[in-house]
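Participant: just the structure for this:
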Amino acid sequence: MPSPALDSEARERLRADLEALDCVRRAVVDADPLRVYIVCDRAESPTDMLVSSVLARTGISAADAEVHLAYLTPPEQRQRVRFVAARMTTPRSGRAAAEVELEWGAQSYAERAEGEASPPLELRLAATATLKALEGILRERVRFSLLGIKSFRVFDTDVVVVLMRTDQGAPLVGAALASGDPHRAAALAVLNATNRVLGNYLAHSQ
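Facilitator: Sure thing, here's the model as predicted:
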C-alpha cells in the first residue's frame, strides 16, 4: 500500500505534534516515502506507542510510515567530594590542631594539621588539613600548594578567601562565607577552589 501523501503544511503540523510530546527533543518528517525520525529521551512511557498515537490521529498507520527512534544518552552524574566536619583543638598551650573530614564514594577521609595557635594560623591549619584529605582522595595524583588564606569583612559579612596552586602550576582561588565558623569556611573555600580539578580527576577514577 503506498504511503499517504502529506503536503509540506501537513508534515509541519505532524512534526509540531510529535515535538509536543514531553519525551521528544526533535522530529523530522520526510515524504515519498514517508519517514519519521525522532530524537528522544528515555521515558517511563513507551515512546514508540506515543508516536504511533500521534500518527494515527493524522490518519497514518504503522504500515504507512517508517519510524526511526534515536534515544539520547543521559548525562553522567558527577559525584562531589562532600564536606563532613572541621574541628579545631588545642593539644597544649600555644598549639592548635585542625582535623578535617571529607567523604568520597561512601568512604571517609580525615586528616590533621598542627601548628601555632592564632586565628590567622588556625585558618591555614584547617586549609592544610583539607588539602591533605583531598590528596588522599586523589591518591596523590595531583598535589596542591597553599599560597595564602585570609578572612575579610565584605558588606558586613565575613568571607574566607584561599589562594592555591597545583603541582602543574595552575592557580586556584576559592571563597566561602564564614557564618560564625571560620575553620569550616576555610575547608569549604579549599573545596570551592579545587572543585573543577577534582571533577576532572575523579571522573576518570570511577
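Participant: give me phi/psi at Asp167?
Facilitator: Dihedral pair for Asp167: phi -70, psi -10, per degrees, to the nearest 10.
Participant: and the gap between it and Tyr37?
Facilitator: Distance from Asp167 to Tyr37, counting by Cβ to Cβ, to the nearest Å: 49 Å. Heads up, the C-betas are built off the backbone N, CA and C, glycines and all.
Participant: looking at these two, which one has more neighbours?
Facilitator: Tyr37 (15 against 11; other Cβ atoms under 10 Å).
Participant: packing partners of the helix or strand that that one is a member of?
Facilitator: For Tyr37, the host element (DSSP states H and E) is strand 35-40. Applying 3 or more Cβ pairs under 8 Å, 6 or more residues apart in numbering; DSSP states H and E, one finds that strand 35-40 contacts helix 8-19, strand 24-30, helix 47-57, strand 66-71.
Participant: can you name the residues in contact with the third one?
Facilitator: Translated: helix 47-57. With contact meaning Cβ atoms under 8 Å, 6 or more residues apart in numbering, helix 47-57 is reached by 14, 17-18, 21, 23-24, 36, 38, 40, 61-62, 64-65, 67, 69, 71.
Participant: using CSV, write out every CA atom in that helix.
Facilitator: Output in CSV follows, covering the C-alpha atoms of helix 47-57 (Å, rounded to 0.1, in the frame of the first residue of the first chain):
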residue,chain,number,x,y,z
THR,A,47,7.9,6.5,23.1
ASP,A,48,7.0,4.3,20.1
MET,A,49,3.4,4.0,21.3
LEU,A,50,3.1,7.7,21.9
VAL,A,51,4.5,8.4,18.4
SER,A,52,2.1,5.8,16.9
SER,A,53,-0.9,7.5,18.6
VAL,A,54,0.1,10.9,17.1
LEU,A,55,0.5,9.3,13.6
ALA,A,56,-2.9,7.6,14.0
ARG,A,57,-4.6,11.0,14.7
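Participant: tell me the buried residues in it?
Facilitator: For helix 47-57, burial by neighbour count (16 or more other Cβ atoms under 10 Å) applies to Thr47, Leu50, Val51, Ser52, Val54, Leu55.
Participant: about what we covered before: columns mean pLDDT and distance to Ala106 on top of the helices and strands packed on strand 35-40, output as TSV?
Facilitator: Listed next are the helices and strands packed on strand 35-40 as TSV, based on pLDDT from 0 to 100; distance: least, Cβ to Cβ, whole Å:
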stretch	mean pLDDT	distance to Ala106
helix 8-19	87	41
strand 24-30	86	34
helix 47-57	84	35
strand 66-71	82	30
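Participant: the ones you listed: which one's closest to Ser108?
Facilitator: strand 66-71 (37.8 Å; Cβ to Cβ).
Participant: before we move on, the earlier item: what's the closest of the helices and strands packed on strand 35-40 to Leu177?
Facilitator: Closest of the helices and strands packed on strand 35-40 to Leu177 is strand 24-30, at 38.9 Å (criterion: Cβ to Cβ).
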